[in-house]
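Trainee: everything below, folded, please.
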Amino acid sequence: MKVYFTTGYENPKESMDNINTILDTIKKEGHTIAKRPLKSEHGSDTYSVDESKLTHIFDFRDEPIDQIYKTATKRIKSSDVVIAEASYHLSPGLGFELGFALHEKKPVLVLINSESDAVLSEVIEGNPSKLLENESYTDKTDLNKKLLSFLKSSKQKLDTKFILIISPEIDKYLEWTSDNRRMHKAQVVRNAIEDMMKKDKDYKDFLSQ
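Mentor: As a prediction, the model looks like this:
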């Protein structure tokens with residue numbers, strides 16, 4: 001899977017060990033990591049270390065902020081899941097990333113160290129989405145356990161991808177729906193199929209066997 005990892009850029013230096021544990025576990029499980037893009041000036045002032053030592057966490061870019069936004073949203077869209085370490089700095093940017101990921105129907109894991117004073121916003125903690133998991137961890141062993149559980153369950157839930165050949169008329173309708181109702185074409189098709197599944201009595205009988 002492709003994992004978009006994000007964390008607050010003002011995290012204290014002490015949080016580095018847990019962040020490294022998360023990244024190492026993701027890689028050991030054979031997944032790839034998409035890093036949060038940041039403007040390069042965020043680096044050295046916040047972690048009090050050389051910016052070059054943070055390139056495994058962030059993708060520092062010398063670009064306009066609108067391009068940073070486009071890069072971040074593009075990476076979230078192309079990722080299978082999003083994981084955030086939010087123990088020490090719940091920045092507006094991090095909150096936006098989580099909300100955008102849920103809007104894109106991505107499974108999201110928010111990790112918080114139990115020793116941290118961080119408090120999730122009501123909008124995040126109270127979100128009823130089944131795609132969102134807020135987990136508190138006590139130590140590296142507990143962190144690893146909850147991270148592995150999320151990765152395993154998410155992999156099992158990944159949508160099956162297939163190529164659908166459609167007529168120009170259907171494509172025209174999907175384009176119109178996408179523009180006027182702010183929905184992805186795939187979501188329109190998925191909604192239509194899910195609606196049919198709910199109404200299909202024969203299929204329900206099959207599932208109950």
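
Trainee: quick one, domains of this protein?
Mentor: Recorded structural domains for the chain (assignment: automatic domain parsing) are 2-157, 168-207.

Trainee: Leu111 and Thr177, how far apart?
Mentor: Noted for Leu111: a distance of 36 Å to Thr177, by CB to CB, to the nearest Å. C-betas here are computed from N, CA, C, even on glycine.

Trainee: of those two, who's got more company?
Mentor: Ranked by neighbour count (other CB atoms under 10 Å), Leu111 and Thr177 place Leu111 first, with 22 against 17.

Trainee: what pairs with the host helix or strand of the more buried one, and is each one parallel or antiparallel?
Mentor: Leu111 is part of strand 108-113, with elements assigned from DSSP states H and E. Partner strands for strand 108-113, per DSSP bridges, with pairing direction: strand 81-85 (parallel), strand 132-137 (parallel).

Trainee: could you work out which of the ones you listed reaches nearest to Ala186?
Mentor: strand 81-85 (17.4 Å; CB to CB).

Trainee: can you give the distance from that closest one to the centre of its chain?
Mentor: Here strand 81-85 is found 5 Å from its chain centre; the criterion is CA atoms, centre = their mean, to the nearest Å.

Trainee: re earlier: now do the buried residues in the strand holding Leu111.
Mentor: 108-113 (16 or more other CB atoms under 10 Å).

Trainee: ok, now stretch 179-186?
Mentor: Quick answer for stretch 179-186 (16+ other CB under 10 Å): Lys185.
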